[in-house]
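Novice: pasting the structure only:
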């Protein structure tokens, strides 16, 4: 046993490793491991059925439900501030909720509110409904906030219902929203638009994927000044006479 090494034991260990290597080679070159769990895929616009959100900051028990009250779709809020809000089907939106839908081309019922110098190629048959915010049982408005491009603007995900697949252009000068010069693509059903409002200056819209998991919802007063909220930037149609009390 030179240098204190047991030659027989080393030989046995080496033979064992060689045998294991031959066995693995015979079985395809290695151990068979389970496939990794794939990352969740975004749900395509038009197929969105649920808003998954998490209220932040959140104190357990402080808020128990959220809702879009016009649509009557309340959802309970869990102990971590999470909620799953089921969106109405197309059948419900064009049936029971048909009187809540807005136009794009008709200035008297425009989803963009009181606007001047309007240019649009939206079809007259297009009807839409945006969810820009939800309301808690404590009467707070909450928005699905994103990081804005400038400090004077608020940016968020808006969930838009449309009664048809469409792409339309819209240009106008609108009270509260400011200048709009955009092209919007919506699918029949619910779609998500990246919305950024610089109150009284400019509003932009861009397509964005729905979150694949619970995304943060914050109080609108934390990111929008009281003066801007008074201008109805989250409900610009209320600047039209017929919708002021809606």
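Specialist: Nice, I can see it. Since this is a predicted model, take the numbers as computed values, not measurements. Numbers count the residues shown, from 1 in each chain.

Novice: quick check, residue 174 in contact with residue 115.
Specialist: Yes. Residue 174 lies in contact with residue 115 (Cβ atoms under 8 Å); the separation is 4.0 Å. (Each C-beta comes from the backbone N, C-alpha and C, glycine too.)

Novice: intersection of neighbour lists for those two?
Specialist: residue 180 (Cβ atoms under 8 Å, 6 or more residues apart in numbering).

Novice: tell me the domain ranges of the chain?
Specialist: Using automatic domain parsing, the domain parsing of the chain gives 1-33, 50-243.

Novice: helices of this structure, residue ranges please.
Specialist: For the chain, helices defined by DSSP state H occupy the ranges 7-26, 90-94, 226-230.

Novice: in the protein, where is pLDDT below threshold?
Specialist: The model of the chain has pLDDT under 70 over residues 1-40.

Novice: show me the strands in it, by range?
Specialist: 50-55, 65-67, 75-76, 82-86, 115-120, 128-131, 134-136, 141-146, 154-162, 166-174, 178-186, 189-198, 202-207, 215-219 (DSSP state E).

Novice: isn't residue 63 right next to residue 138, touching?
Specialist: Yes. At 5.9 Å, residue 63 counts as touching residue 138 under the criterion of Cβ under 8 Å.

Novice: out of those two, which sits in the more crowded spot?
Specialist: residue 63 (18 against 10; other Cβ atoms under 10 Å).

Novice: could you give the backbone dihedrals for that one?
Specialist: Backbone dihedrals for residue 63, given as degrees, to the nearest 10, come out at phi -130, psi 130.

Novice: which residue, other than its chain neighbours, is closest to it?
Specialist: residue 136 (4.7 Å; Cβ to Cβ, 6 or more residues apart in numbering).

Novice: what's near enough to touch the one you found?
Specialist: Contacts of residue 136 by Cβ under 8 Å, 6+ apart are 55, 63, 65-66, 77, 142.

Novice: before we move on, what about residue 64?
Specialist: The contact partners of residue 64, by Cβ under 8 Å, 6+ apart, come to 76-77, 137.

Novice: possible to save those as a markdown table with distance to residue 210 and neighbour count?
Specialist: Shown next, in a markdown table, are the contacts of residue 64 (distance: Cβ to Cβ, whole Å; neighbours: other Cβ atoms under 10 Å):
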| residue | distance to residue 210 | neighbour count |
| --- | --- | --- |
| 76 | 21 | 13 |
| 77 | 20 | 24 |
| 137 | 25 | 14 |
